[in-house]
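In: Take a look and give me a structure for this.
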Amino acid sequence: MQATPGSSPVLSHQSLDHAGGGRATGELHRPPTLIESVDLLKGGKTLGILHNGSIYRLQTTRLGKLILTK
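Out: Coordinates of the predicted model:
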């Protein structure tokens, strides 16, 4: 996917396409909230996330990828 100036390739990524998918008719389409990983990690490599009473760990790899584990 080639980015053009002023566009965000993340917003047009196929993984964010929720067309179809059994939605109820009349449901409004809202774009997902986007947060930069650097804003979440704040210079660190690991972040704890509390979700439904469980702790998850979001971490970056040496190759710059993200891993979420329980």
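In: Which parts of this protein are helices?
Out: Applying DSSP state H to the chain gives helices spanning 37-41.
In: just for it, where's the confidence low?
Out: Where the chain drops to pLDDT under 70, the residues are 1-27.
In: can you give me the strands for it?
Out: Listed in chain order, the strands of the chain (DSSP state E) span 46-51, 54-60, 66-69.
In: Quickly run through the sheet partners of the shortest one, with directions.
Out: Same thing as strand 66-69. Partners of strand 66-69 in the sheet, by DSSP bridges, are strand 54-60 (antiparallel).
In: and the angle for the strand it pairs with with strand 46-51?
Out: Orientation of strand 54-60 against strand 46-51 (axes from the mean of the first three to the mean of the last three C-alpha atoms, to 10 degrees) gives an angle of 150 degrees.
In: got the buried residues for strand 54-60?
Out: Within strand 54-60, the residues that qualify as buried are Leu58, Thr60, counting by 16 or more other C-beta atoms under 10 Å. C-beta here means a position set from N, CA and C on the backbone, and glycine is covered the same way.
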